[in-house]
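S.K.: Sequence first, predicted coordinates after that:
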Amino acid sequence: MKGLYTILLLLASNVFMTFAWYGHLKLQEMKISDGWPLIAVILFSWGLAFFEYCAQVPANRIGFTGNGGPFNLIQLKVIQEVISLTVFTLVVMVCFKGQALQWNHFVAFGLLILAVFFVFLK
């Protein structure tokens, strides 16, 4: 169950991370944050990043072998990166309509799957 909790927390973390890093661009595109000074955009992003950390830190603590979890540090990082890019891609496809997936993106995702395979290989 610790592995599942880790993955779910990493998913939640990466949703907040993606919106913290790129959500302000969508707000700008929607003319919501056009007049915001840069410091307001940064504070908005920091506010979202707080919730990212509220999920990321427990995910790593629960999932780490040193705390009884199933993953070593390298495995945790590779899992996080795959989840991050997957969540990012889904958010871009849903929220930013002008971004199309191309063949090289699919190749990159395939290589990420291979990275997960190799990091768990004994």
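M.R.: Structure received.
S.K.: in stretch 66-75, what's buried?
M.R.: Across stretch 66-75, burial judged by 16 or more other C-beta atoms under 10 Å covers 69, 71, 75. Every residue, glycine included, has its C-beta placed from N, CA and C.
S.K.: Start and end of that stretch, how far apart?
M.R.: Taking C-alpha to C-alpha, to the nearest Å, stretch 66-75 runs 13 Å from one end to the other.
S.K.: ok, now how distant is Met93 from Gln102?
M.R.: To Gln102, Met93 is 12 Å away according to C-beta to C-beta, to the nearest Å.
S.K.: Have a look at those two and say which one is more surrounded.
M.R.: Met93 (12 against 9; other C-beta atoms under 10 Å).
S.K.: which residues touch the more buried one?
M.R.: Listed by C-beta atoms under 8 Å, 6 or more residues apart in numbering, the contact set of Met93 reads 99, 101.
S.K.: Distance of the residue of the chain most remote from its centre relative to Ile74?
M.R.: Centroid-distance maximum for the chain: Gly35 at 27.7 Å, with C-alpha atoms, centre = their mean. According to C-beta to C-beta, Gly35 stands 44 Å off from Ile74.
S.K.: for Val94, same thing?
M.R.: Taken as C-beta to C-beta, the span from Val94 to Ile74 is 31 Å.
S.K.: Pull out the buried positions in the longest helix anywhere in the chain.
M.R.: With secondary structure taken from DSSP state H, the chain has its longest helix at helix 2-29. Of all the residues in helix 2-29, those buried under the rule 16+ other C-beta under 10 Å are 2, 6-7, 9-10, 12-24, 27.
S.K.: Could you do stretch 76-94 as well?
M.R.: 76, 78-80, 82-85, 87-89, 91-92.
S.K.: Now intersect those residues with the helices, please.
M.R.: Going by DSSP H, the helices hold 76, 78-80, 82-85, 87-89, 91-92 from the buried residues of stretch 76-94.
S.K.: what is the rounded mean pLDDT of the longest helix of the chain?
M.R.: Averaged over helix 2-29, pLDDT sits at 94.
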